[in-house]
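In: Structure for the following, please:
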Amino acid sequence: QVQVVESGGGLVQAGGSLRLSCVVSGRTDTTNGVGWFRQAPGKEREFVAAITWLSGNTYYGDSVKGRFTVSRDSAKDTVYLQLNSLEPKDTAVYCCAASTHLNYYNAYEPRPYSYWGQGTQVTVSS
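Out: Coordinates of the predicted model:
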């Protein structure tokens, strides 16, 4: 079994930054990557970013390219999401999820992610 726990959310002013962390535990050797999704009230879940453990390949949603950066520390089984130049529209619950078969073709969809965290709230004030 695999467990996923996010942290690092909070309240920040527009233009500010936050760093989210996602710790993966348990049978982490069965996973090959981690993705971040977000969901705002009344809106659909949106892909944010993803990264593979071994090669470090990264994938980004169009709305966050150039502002958010995903990275990993394989020794700590931790994935980070650096959020810069935050805007009120970035307000959402951010969830990370681990996948056993993440690749270029499926990284952007929820389907390949089997293990999900509870999420961490990010609120950006104007």
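
In: Ignoring the adjacent residues along the chain, who's closest to the residue nearest the centre of the chain?
Out: For the chain, the residue whose C-alpha lies nearest the mean C-alpha position (Cα atoms, centre = their mean) is residue 36; its distance is 2.2 Å. Excluding its sequence neighbours, the residue lying closest to residue 36 (Cβ to Cβ, 6 or more residues apart in numbering) is residue 48, at 4.2 Å. (C-beta placed from N, C-alpha, C; glycine too.)

In: Doesn't the one you found belong to a strand?
Out: Yes - under DSSP: H, G, I helix; E, B strand; the rest coil, residue 48 sits within a strand.

In: heads up, I number from 746, so please use that
Out: Got it, the first residue is 746 from now on, which makes the last one we talked about residue 793.

In: and it, how many residues sit next to it?
Out: Residue 793: 25 surrounding residues under other Cβ atoms under 10 Å.

In: again with residue 848
Out: Residue 848 has 14 nearby residues by other Cβ under 10 Å.

In: what do you get for residue 814?
Out: Residues lying near residue 814 (other Cβ under 10 Å) number 16.

In: mind listing what residue 871 touches?
Out: Residue 871 makes contact with 759, 833, according to Cβ atoms under 8 Å, 6 or more residues apart in numbering.

In: Quick check: the gap between it and residue 847.
Out: Separation of residue 871 from residue 847 (Cβ to Cβ, to the nearest Å) stands at 35 Å.

In: sorry, back to before: show me which positions of the helix or strand containing the residue nearest to the centre of the chain end up buried.
Out: Using DSSP states H and E, residue 781 sits within strand 778-784. Buried residues in strand 778-784, defined by neighbour count with 16 or more other Cβ atoms under 10 Å: 778, 779, 780, 781, 782, 783.
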